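Colleague: next one to model:
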Amino acid sequence: MTPFQEQAVALFVRAASALSLPRSVGQVYGLLFATPQPLNLDEIMAMLGSSRGGTFEGLKWLRQTGAIERVFLPGVRKEHFRAELNLRRLANGFLRLRIEPHLENANGHLDALRDAMDREGPDAEFQTTRLGKLETWHRLLNDLLPVIKEVAAE
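Modeller: Residues are numbered from 1 along each chain as shown. Below is the predicted model:
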């Protein structure tokens, strides 16, 4: 790797860590971001010195979010990839894959928390207040997510 590629990989590894994403996601995206030509799986593994499994998982996650795109090269059978550079598409993919599933699952968790409340004990008022706070946050996030996605799509 060139020094530019090394620094880009390091930058995106730190960004992935801040977002609680696997290291391989940051490594693969950073390398593709800093490389002018599309790369295939074997080239990415060789340049990063990474395992096939980790590299494949990084590519898979990045493809699911739309952070990378497949590039078909005439006469070449292997899939090649390049980084998506549109920040709105990146944000929208991240929201779709990382945030929406948590909001969708939150109703079940809130129901379980509601069922676990001690309605008669000394903490009943406290628990009711905290559950109400979580329900308010959940409603706000559900209302806010479509707005964020709309802004990201423009």
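Colleague: switch to C-alpha atoms for all contacts and neighbour counts from now on
Modeller: OK.
Colleague: what about the helices in the protein?
Modeller: 3-18, 23-33, 41-48, 52-65, 87-94, 100-116, 124-153 (DSSP state H).
Colleague: Lys78 is nearest to which of those helices?
Modeller: Among these, the nearest to Lys78 by CA to CA is helix 41-48 (8.2 Å).
Colleague: now the closest one: how far from the chain's centre is it?
Modeller: When distances are taken as CA atoms, centre = their mean, to the nearest Å, helix 41-48 is centred 22 Å away from the chain's centroid.
Colleague: and for stretch 87-106?
Modeller: Put simply, stretch 87-106 sits 7 Å off its chain's centre (CA atoms, centre = their mean).
Colleague: tell me which residues of it come out buried.
Modeller: For stretch 87-106, burial by neighbour count (16 or more other CA atoms under 10 Å) applies to 89-95, 103.
Colleague: quick one: end-to-end distance for it.
Modeller: Stretch 87-106 stretches 27 Å from its first residue to its last (CA to CA, to the nearest Å).
Colleague: how about stretch 33-41?
Modeller: Start-to-end, stretch 33-41 (CA to CA) is 15 Å.
Colleague: so in the chain, where's the weakest helix or strand by average pLDDT?
Modeller: helix 87-94 (a mean of 80; mean pLDDT, DSSP states H and E).
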